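> Fold the stuff below for me.
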Amino acid sequence: MNRAQKIALYNLIVIVVSISFSVGAVIMVALSTGFPVAFAGFGFLGLCIFTALAPLLFRKEKQYKVEHDERDILITKNSELTANNCSNVFFVLVSIIALFIFGLNGTVSVLTLPIMVAGAYAISGLARSVSVLVQYGRGGNNG
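Numbers count the residues shown, from 1 in each chain. Down below sits the predicted model:
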């Protein structure tokens, strides 16, 4: 398992845990107090900040080893493209859902916008990590 795969797996675990905590907190608070207060459960998406520690936890190999080749660069490029597309689709879907919920004359709370951004960040990281792992998984014995 190379460095990119280790970082992707770490990020995947952190993001899945933060999304699980967030959804669980929203459901538990929504059942007990109601929905305006339940949006505070999305604060657990802040755990995604721990993905920034991945490069520090998984240091580069020794200098005499090849770190990147053409395949690694292509996988990184395709993963970034996948992450960008998934976050764009997320923004479009959330905007359409907000339109249906609030209607044409309704207003969207300012508290909703950071939740949208945090959700897009989580979806982007999730898509990037899954894409990296899937593309390296298709590489055969030496991938």
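
> Next one: G119 from C86, what distance?
Relative to C86, G119 is positioned 11 Å away (C-beta to C-beta, to the nearest Å). Every residue, glycine included, has its C-beta placed from N, CA and C.

> Quickly list what's touching both of those two.
Residues touching both G119 and C86 (C-beta atoms under 8 Å, 6 or more residues apart in numbering): none.

> now the helices: where do they sit in the chain?
Taking DSSP state H to define them, one finds helices in the chain at 3-32, 35-38, 54-57, 70-102, 112-137.

> chain center to the last one, what's the gap?
It stands for helix 112-137. Here the centre of helix 112-137 is set off from its chain's centre by 3 Å, with C-alpha atoms, centre = their mean, to the nearest Å.

> repeat for the fourth one
Here the centre of helix 70-102 is set off from its chain's centre by 10 Å, with C-alpha atoms, centre = their mean.

> If you count neighbours, what's buried in that helix?
For helix 70-102, a neighbour-count test (16 or more other C-beta atoms under 10 Å) marks 72, 75-76, 79, 82-83, 86-87, 90, 94, 98 as buried.

> What's the mean pLDDT across it?
Per-region confidence: helix 70-102 scores 93 on mean pLDDT.

> The second one now?
In this model, helix 35-38 carries a mean pLDDT of 79.
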